[in-house]
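Enquirer: what follows is a predicted protein model with its sequence.
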Amino acid sequence: GDSVTQMEGPVTLSEEAFLTINCTYTATGYPSLFWYVQYPGEGLQLLLKATKADDKGSNKGFEATYRKETTSFHLEKGSVQVSDSAVYFCALEGGATNKLIFGTGTLLAVQP
Amino acid sequence: GAGVSQSPSNKVTEKGKDVELRCDPISGHTALYWYRQSLGQGLEFLIYFQGNSAPDKSGLPSDRFSAERTGGSVSTLTIQRTQQEDSAVYLCASGETGSRETQYFGPGTRLLVL
């Protein structure tokens, strides 16, 4: 069945460091891909999405490119801030079903 | 009412009791989803409603779990004879059409079964 694998955390970075959180997927068909973020004490929020191959989603300085050839959707940010500290979830939504399938989440801690 | 709302925000119950969790989706959203977030299982899909279509119940973990959506709006997730393994955060999300559209999540209900 469809699945999402993302890198284990926690990831600890200093402010202004470069961030990459890896995400790969297995799916039949052509899913849409998402990154959701959960800040401490808050609910899940959509960070960015891409609906077809080679699309790049971007928001708040974060980017991810839908790579069909490597079945990946890695999250990147050039310069992280303390306020980016959160749990990041990669997810896919398949064509036949409308449910989101999530990765396990990656905790990011940014230190000043 | 800009976002998805859920109630109660926290619920503590005793093993064997029934609980009801409520979700108010964003007005006009036809798609409604329930997910569960637990330490051992991560984020799992439970059930999906789309308009007047039959719900997709494929994620419900047992027959103790059921959900309904009245009038195409508010939804209630019911857990009968709760077990300790039901302790989790129950998340509701809504979307405009349910297909490849963004799902907007509520703050969740944190359920603790003692």
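Expert: Noted; the coordinates are in hand. Numbering: from 1, shown residues only, chains lettered A, B, ... in the order given.
Enquirer: can you show me the strands along chain B?
Expert: Assigned by DSSP state E, chain B shows strands spanning B:5-7, B:10-13, B:19-24, B:31-38, B:42-50, B:65-69, B:75-79, B:88-95, B:104-105, B:109-113.
Enquirer: TSV for the ones you listed, including mean neighbour count?
Expert: Backbone N, C-alpha and C define where each C-beta goes, glycine included. TSV is the format used below for the strands of chain B (neighbours: other C-beta atoms under 10 Å in any protein chain shown):
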stretch	mean neighbour count
strand B:5-7	18
strand B:10-13	14
strand B:19-24	19
strand B:31-38	23
strand B:42-50	21
strand B:65-69	17
strand B:75-79	19
strand B:88-95	24
strand B:104-105	22
strand B:109-113	18
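Enquirer: and those as CSV, adding mean pLDDT and distance to chain A?
Expert: Shown next, in CSV, are these (pLDDT from 0 to 100; distance: least, C-beta to the nearest C-beta, whole Å):
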stretch, mean pLDDT, distance to chain A
strand B:5-7, 95, 9
strand B:10-13, 97, 13
strand B:19-24, 97, 12
strand B:31-38, 94, 7
strand B:42-50, 91, 4
strand B:65-69, 96, 14
strand B:75-79, 97, 15
strand B:88-95, 94, 7
strand B:104-105, 92, 4
strand B:109-113, 96, 11
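Enquirer: run a quick neighbour tally on A:Ala53.
Expert: Burial of A:Ala53 is recorded as 12 neighbouring residues (other C-beta atoms under 10 Å in any protein chain shown).
Enquirer: any idea whether it is helix, strand or coil?
Expert: coil (DSSP: H, G, I helix; E, B strand; the rest coil).
Enquirer: excluding chain neighbours, what is closest to it?
Expert: A:Lys68 (3.9 Å; C-beta to C-beta, 6 or more residues apart in numbering or on different chains).
Enquirer: which of the strands of chain B sits closest to A:Cys23?
Expert: For the strands of chain B, the distance to A:Cys23 is smallest for strand B:42-50, at 13.8 Å, taking C-beta to C-beta.
Enquirer: all the strands of chain A, residue numbers only.
Expert: Using DSSP E, strands in chain A cover A:3-6, A:11-14, A:19-21, A:23-26, A:32-38, A:44-50, A:56-59, A:62-65, A:75-77, A:86-93, A:100-102, A:106-111.
Enquirer: packing partners of the second one?
Expert: Yep, that's strand A:11-14 we're talking about. Under the contact criterion of 3 or more C-beta pairs under 8 Å, 6 or more residues apart in numbering or on different chains; DSSP states H and E, strand A:11-14 touches strand A:19-21, strand A:106-111.
Enquirer: how about the strands of chain A in CSV, adding mean neighbour count and mean pLDDT?
Expert: Output for the strands of chain A, formatted as CSV (neighbours: other C-beta atoms under 10 Å in any protein chain shown; pLDDT from 0 to 100):
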stretch, mean neighbour count, mean pLDDT
strand A:3-6, 18, 94
strand A:11-14, 14, 96
strand A:19-21, 17, 97
strand A:23-26, 19, 96
strand A:32-38, 24, 95
strand A:44-50, 20, 94
strand A:56-59, 15, 97
strand A:62-65, 20, 98
strand A:75-77, 20, 98
strand A:86-93, 23, 95
strand A:100-102, 23, 92
strand A:106-111, 16, 96
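Enquirer: no further queries at this time; thank you.
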